[in-house]
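> Pasting a predicted model and its sequence here:
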Protein chains: 2
Amino acid sequence: MRALELLPLTAVGFAPFGDVIDTAVACERYPINEGRTQRHHALSKLDCESQDGCTALSVFRATPVDNNFLLQGLERHPLSSQSFIPLSPYPYAVVVAPAGSLQEDAISGFLAQPGQSITYRKGTWHHYLLALRAPSDFVVVDRVGPGENCDEQVLVEPLSLIL
Amino acid sequence: MRALELLPLTAVGFAPFGDVIDTAVACERYPINEGRTQRHHALSKLDCESQDGCTALSVFRATPVDNNFLLQGLERHPLSSQSFIPLSPYPYAVVVAPAGSLQEDAISGFLAQPGQSITYRKGTWHHYLLALRAPSDFVVVDRVGPGENCDEQVLVEPLSLIL
């Protein structure tokens, strides 16, 4: 059984898979609203409207996993990006592999802190939402519309998480 | 000086202006991810890609206002919706007026709780972000692209908030 180590989530480490959205990420920053607000601008450009799709906000309420949980498969969205914005003050796990044919030995794991949002780029393989510690809510930005937008693939070798 | 009372934020009360995104709002709900997650589906459909626009995620870090703060004007985005997703555990104020010619006697105020996100519909008049109590971060979903997408109008009679 392979056990996956979770690396700290950084924009540089996550760049092959998508975007990290937090105030530590290098970006254009400028004051707005009479100087009362600092805008960290366009940390992630979304891609949810191909083939008559619409960008929508949903809420996911997730049950946490523990270190007995086995990851059995990954999924990808061939038509759109998908973003997760954590509302709860708990970390969560992010497990990904590069787009294209799924290479199980290229699976990476990251530990996202509260306040860190992510966007999976179109086609990035990823495990479904992995809340940790406590039931956790997320606002999810993804595509609503016609067409098949979720490919799933079972792993030859299930994975556990080192938590 | 007119003082604006803040009503509890509900989807029904906010419907003339946009959407409330939280788990209390009536919507299609269904289990996903092997039953580990409940999806509250498509609580807000966004509208950010007109005229070569792109939907993007930014982070706004806002300084709080207090009950000495005077609201001097409102703004609207004629080309797009704009959504605010609070990352911080503090309430915030939402001040709006219907789209069309600004009617100052139709200005409404709402108190949003942590965990409540909102979308201003395209053209809805609104005050800029009004954090309360403490510096607060928000993920903002809005339009990046060409064209003038912010109209501002000064109020004839400034407003205070009853906090």
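Ah, there it is.
> Residue A:117 reaches residue A:82, doesn't it?
No: with contacts counted by Cβ atoms under 8 Å, residue A:117 stays clear of residue A:82, the gap being 11.4 Å. Every residue, glycine included, has its C-beta placed from N, CA and C.
> Mind listing what's buried along the longest strand anywhere in chain A?
Ranked by residue count, the top strand of chain A under DSSP state E comes out as strand A:151-162. Neighbour-count burial for strand A:151-162, counted by 16 or more other Cβ atoms under 10 Å in any protein chain shown, picks out A:155, A:159, A:161.
> same thing with stretch A:79-89?
Buried, per 16+ other Cβ under 10 Å, within stretch A:79-89: A:79, A:80, A:81, A:82, A:83, A:84, A:85, A:86, A:87, A:88.
> ditto for stretch A:16-32
Within stretch A:16-32, the residues that qualify as buried are A:17, A:18, A:19, A:20, A:21, A:22, A:23, A:25, A:27, counting by 16+ other Cβ under 10 Å.
> Between which two of these is the distance greatest?
Maximum pairwise distance among the buried residues of stretch A:16-32 (Cβ to Cβ): 20.4 Å, between A:17 and A:23.
> Looking at chain A, which residue reaches furthest from the middle?
In chain A, counting by Cα atoms, centre = their mean, residue A:34 sits farthest out from the average C-alpha position, at 33.3 Å.
> Let me see the contact set for residue A:121.
Neighbouring residues of residue A:121 by Cβ atoms under 8 Å, 6 or more residues apart in numbering or on different chains: A:17, A:18, A:19, A:47, A:81, A:99.
> Any regions of chain A where pLDDT drops low?
Judged against pLDDT under 70, chain A has no low-scoring part.
> where do the helices sit along it?
A:11-14 (DSSP state H).
> where along it do the strands fall?
So, for chain A - with DSSP E - the strands run A:2-8, A:18-21, A:28-32, A:37-45, A:54-62, A:70-76, A:82-86, A:92-97, A:108-112, A:117-120, A:125-126, A:130-131, A:136-144, A:151-162.
> Which one, of those strands, ends up nearest to residue B:54?
strand A:37-45 (5.2 Å).
> Go ahead and confirm residue A:74 touches residue A:98.
No: counting by Cβ under 8 Å, residue A:74 stays clear of residue A:98, with 11.0 Å between them.
> Roughly how far does the closest residue to residue A:106 other than its chain neighbours sit from residue A:73?
Counting by Cβ to Cβ, 6 or more residues apart in numbering or on different chains, residue A:106 lies nearest to residue A:97, which is 5.2 Å off, once chain neighbours are set aside. Distance of residue A:97 to residue A:73, given as Cβ to Cβ, to the nearest Å: 11 Å.
> which one of the two has more residues nearby?
Under the neighbour definition other Cβ atoms under 10 Å in any protein chain shown, residue A:97 and residue A:73 were set side by side, and residue A:97 has more, 23 against 15.
> you'd agree the more buried one is up against residue A:120?
No: contact criterion Cβ under 8 Å: residue A:97 and residue A:120 do not qualify, at 10.9 Å.
> Now narrow the buried residues of stretch A:79-89 to whatever sits close to chain B.
Among the buried residues of stretch A:79-89, the ones lying near chain B by Cβ under 8 Å from any Cβ of the partner chain are A:83, A:85, A:86, A:87.
> hmm, back to that, the contacts of residue A:121 into CSV, with extra columns for distance to residue A:66?
What follows is these, written out as CSV (distance: Cβ to Cβ, whole Å):
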residue, distance to residue A:66
A:17, 24
A:18, 26
A:19, 28
A:47, 34
A:81, 29
A:99, 29
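> what is the nearest residue to residue A:13 once chain neighbours are set aside paired to in the beta sheet?
Residue nearest to residue A:13 in three dimensions, not counting chain neighbours: residue A:7, with 6.1 Å by Cβ to Cβ, 6+ apart. Counting by DSSP bridges, residue A:7 forms beta bridges with residue A:110.
> picking that back up, could I get the strands of chain A as CSV with distance to residue B:143?
Putting the strands of chain A into CSV (distance: least, Cβ to Cβ, whole Å) gives the following:
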stretch, distance to residue B:143
strand A:2-8, 32
strand A:18-21, 16
strand A:28-32, 15
strand A:37-45, 10
strand A:54-62, 11
strand A:70-76, 27
strand A:82-86, 16
strand A:92-97, 27
strand A:108-112, 26
strand A:117-120, 16
strand A:125-126, 26
strand A:130-131, 30
strand A:136-144, 14
strand A:151-162, 30
